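Enquirer: got a structure for you, letters missing:
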């Protein structure tokens, strides 16, 4: 099975943006329509789309839901959504809207027992992704504005959930996210080992086709790419073709 290229659309106040290392004060805005952008990714051969509600991540409730619903209706992409998903009701609403998978970070880390119940609930089995966003190995939450000093590090959390029926774990190295400085191959490899059989999706730092090739060598389920696509450093179709190639 080839590794999936998963383009990212980060939404803030209805606009497509990227944050540097998760810093809300260091935002780059792109003059593109989110729905048209999603259609373009589909035309490039992508099958998945990663959407982050940045307002929701910080406010604790979905804010950009109308745009997310438009993307779902307008494309055949399998959409995974993160940001502000803190309740069972929100999860049910998003899935009913056609979202394929849900990414939980803040609520999952803050209340791992609750998250475990949701993961094992028949309605959510294989539909939930654990977002492990780490700075120097320590998980950050609330839109990366808070680090939980009393929680285990990312590897410890991955080991704790390795037998759960999760759809995947998304591992993000915050120091590299949006920085166009290449992926943290070593840290991703360690996370893969800790997660055992749970599919792992890499996020953060992807800049070139060489970065894609390096990650392809790992047993990843997917690679999330954002800023490099918007700034023309990487073409989605070329990345999709590289990941699909057998040699």
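Expert: Structure's in. What do you need? Keep in mind the model is a prediction, meaning the values are calculated, not measured.
Enquirer: who's in contact with residue 161?
Expert: For residue 161, the contact set (CB atoms under 8 Å, 6 or more residues apart in numbering) comprises 112, 116, 119, 130, 169, 195, 198. For every residue, glycine as well, the C-beta is placed using N, CA and C.
Enquirer: In terms of model confidence, name the weakest of the residues you listed.
Expert: When the contacts of residue 161 are sorted by pLDDT, the bottom entry is residue 112 at 93.
Enquirer: Next one: the closest residue to that residue other than its chain neighbours relative to residue 189, how far apart?
Expert: Once flanking residues are discounted, residue 112 sits nearest to residue 160: 7.1 Å by CB to CB, 6 or more residues apart in numbering. When distance is defined by CB to CB, to the nearest Å, residue 160 is 19 Å away from residue 189.
Enquirer: Let me know the next secondary structure element after the helix or strand bottoming out on mean pLDDT in the chain.
Expert: The weakest-scoring helix or strand in the chain, judged by mean pLDDT, DSSP states H and E, is strand 146-147 (a mean of 45). For strand 146-147, the following helix or strand on the C-terminal side (DSSP states H and E) is helix 154-160.
Enquirer: gap between that following helix and the chain center?
Expert: Averaging C-alpha positions (CA atoms, centre = their mean, to the nearest Å) puts helix 154-160 17 Å from its chain's average.
Enquirer: what's the answer for stretch 83-99, then?
Expert: Chain-centre distance of stretch 83-99: 16 Å, with CA atoms, centre = their mean.
Enquirer: Same check on stretch 156-172?
Expert: 13 Å.
Enquirer: That one: end-to-end distance?
Expert: Between the opening and closing residues of stretch 156-172 lies a distance of 15 Å (CA to CA, to the nearest Å).
Enquirer: Endpoints of stretch 56-70, how far apart?
Expert: So stretch 56-70: terminal residues 17 Å apart, CA to CA.
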